[in-house]
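# give me a model of this one.
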Amino acid sequence: MNKINGKRIIIFIISAFSVMNISWFLITTIKYDKFIKDLPKVEGSSYGMKKEDGYNYSVKKPGYLHYTGNLAVSNSKKGELLIIWPLISGGYEYGVRIEEDGEAYEIYVDENMKPIDKNDTYAVQNIEQHRAGVEKLFSKVNKMWQLK
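Predicted structure coming up:
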């Protein structure tokens, strides 16, 4: 009786692990293949990267048993970077990184380029100062991946 229960437990664990791995693989492959198809894959990694018109584009697929990767476009000459996290449930989260005078500022924004934390006056001011650059990054992202 104990041997039968032990075998069932082992079979259940192996089955659950297999289902978890297969579902992770299918979900992440379906979600990220449309983003990575136009970018050359970086050898030995889960990244796709491309440089075009002074902008760098990259896609990082989620790590093993994780569901969050990211898309990014940057203008390293201006120190501006837009990161997009595709959500499993649909939609996206956005973040902007602005580098100036040797310091970097990371600000979560919505799809309209408004800081998520409206009470952070410095973030609001920083986004307004870099609005043209951030708008250009959003434009480049939508041209590359048609998010909207």
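# now the element after the lowest-mean-pLDDT helix or strand in the chain, going C-ward?
Between all helices and strands in the chain, the lowest mean by mean pLDDT, DSSP states H and E belongs to strand 47-52, at a mean of 82. On the C-terminal side of strand 47-52, the nearest following helix or strand under DSSP states H and E is strand 55-60.
# against which helices or strands is that following strand packed?
Other helices and strands packing on strand 55-60, by 3 or more C-beta pairs under 8 Å, 6 or more residues apart in numbering; DSSP states H and E, are helix 2-36, strand 47-52, strand 70-75, helix 131-145. Just so you know, the C-beta spots here come from the backbone N, C-alpha and C atoms, and that holds for glycine as well.
# ok, and what's touching the third one?
Residues outside strand 70-75 that contact it (C-beta atoms under 8 Å, 6 or more residues apart in numbering) are 35, 54-60, 80-86, 133, 136-137, 140-141, 144-145.
# how far does stretch 54-65 sit from its chain's centre?
7 Å (C-alpha atoms, centre = their mean, to the nearest Å).
# and that stretch, what's buried?
Neighbour-count burial for stretch 54-65, counted by 16 or more other C-beta atoms under 10 Å, picks out 55, 57-62.
# residues contacting the closest residue to Phe35 other than its chain neighbours?
Nearest non-adjacent residue to Phe35, counting by C-beta to C-beta, 6 or more residues apart in numbering: Val59, 4.7 Å away. Taking C-beta under 8 Å, 6+ apart, we find Val59 in contact with 32, 35-36, 39, 47-49, 69-72.
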